[in-house]
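In: Mind folding the following:
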Amino acid sequence: MADNLILSLKTVLPMVILTGVGIFLGKIKLFGEAFYAGADKFVFKVSLPCMIFLQVAGCELSEGTSYFRLTLFIVLAIVGFAALYSGISVAAIKQMRQRGAAVQGMFRSNVAILGTVLMENMFRDGAMKTAALAAYAVVMPFVVLIYNILAVSVLAVFMPGEDENGDANRRFGAKDFGRALLETVKNPLIIAVAAGLPFMFFGIRLPEIADKSLGYLSQCTTGLSLISLGAGFSFKSLAGNIKLAAVITAVKTVFQPAAGVALACLFGFRGAELAVAFIIFGTPAAVSSYIMAKNMKSDHELAGQVMLLTTIFSVFTLFAGSFILRTLGLI
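Out: Numbering: from 1, shown residues only. Just a heads-up that it's a prediction; the model follows:
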């Protein structure tokens, strides 16, 4: 039990610390707002697309033909959660610009950064660990693909736009469909996924120089995102959003992993496969959700607060979830 808690702390605390560094740098005004705005654009248009491209392009499908059923289940579950949250947000959230950030914060997980680390450390047994990592390696590119397609689509649909009367909270209509489609197609993350698919399907390997160069760029993503998030973090704005952020956090860290794992159990998944589902549904909101919300006119403050709160609370929920699953002999 203590080992699981220490592992969770070691995984999550560095992200919290980097966010704290950003808060400190913002308070002492070491850099101007223009620096953080430029950093956000760099992450959104350069380093994050490089990370996603490498993740998709680097997947070897030959490893996991037996994991097709697991992949299909997780992708369909993610789509179902996103649809459910979108419907609820329309009914429960009045401000258009908050809806996209809220929905994204609830269904999208930090599988690329936290998920990989957690999968590597979740099992001590060599055979089980190998099986879990193989399953995760096959499932993750498709999860990254569907996360980014859905996130961009949701943010585009709920992107506020003033009508003739200046109403920025009007409902999404037929005229907005073309705009949402265009925003989805031209999004750098969608382009990165599309560019990586031929490499994944045909087993094409990047030249070493290109792979290393893109790798260096992708490594900038987490640090810059968290520092920029911290620099723009406002406790005053958190006070105004605390109820909504708390509800989103509860859905992301408690409801979604519980519902996702329960559904996985009903479909017969156990052991390494169930662990993959638990990690994908249970990890906190993605770091990139803040950058995407900021660049697509959504409520980036709410997105950042949700990312930070879910990261903190996931220390406890991931520990509790893994402990329960181990106790019940499911993983």
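In: Could you give the number of residues near Val251?
Out: Using other CB atoms under 10 Å, Val251 has 21 neighbouring residues. C-beta: built from backbone N, CA, C; applies to glycine.
In: Leaving out the residues flanking it, which one is nearest to it?
Out: Nearest residue to Val251, sequence neighbours excluded (CB to CB, 6 or more residues apart in numbering): Met106, at 4.8 Å.
In: Tell me, please, where in the protein the pLDDT is lower than the cut-off.
Out: 1-12, 59-66, 112-114, 116-117, 120-121, 123-125, 161-181, 183-184, 236-238 (pLDDT under 70).
In: how about the strands in it?
Out: Per DSSP state E, the chain carries no strands over any range.
In: State which helix of it is the longest.
Out: helix 126-157 (DSSP state H).
In: buried residues in that helix?
Out: In terms of neighbour count (16 or more other CB atoms under 10 Å), helix 126-157 has its buried residues at 129, 131-157.
In: wait, doesn't Asn110 sit right on Thr283?
Out: Yes. With contact defined as CB atoms under 8 Å, Asn110 reaches Thr283; the gap is 4.8 Å.
In: Tell me which of those two has more neighbours.
Out: Thr283 (30 against 26).
In: okay, now the closest residue to that one other than its chain neighbours: neighbour count?
Out: Spatially, and ignoring its direct neighbours in sequence, Thr283 is nearest to Ser109 (4.3 Å; CB to CB, 6+ apart). By the criterion of other CB under 10 Å, Ser109 has 26 neighbours.
In: hang on, the earlier thing: check the spacing between the residue nearest to Val251 and Leu30 real quick.
Out: Look at Met106 and Leu30: by CB to CB, to the nearest Å, they are 34 Å apart.
In: again, but for Asn241
Out: Note on Asn241: its distance to Leu30, by CB to CB, is 26 Å.
In: neighbour-wise, which of these two wins?
Out: Set side by side, Asn241 and Leu30 show more neighbours around Asn241, with 19 against 10, by other CB under 10 Å.
In: quick one: contacts for the residue nearest the centre of the chain?
Out: Nearest to the mean C-alpha position of the chain, by CA atoms, centre = their mean, lies Ala286 at 2.8 Å. Listed by CB atoms under 8 Å, 6 or more residues apart in numbering, the contact partners of Ala286 are 108-112, 147, 307.
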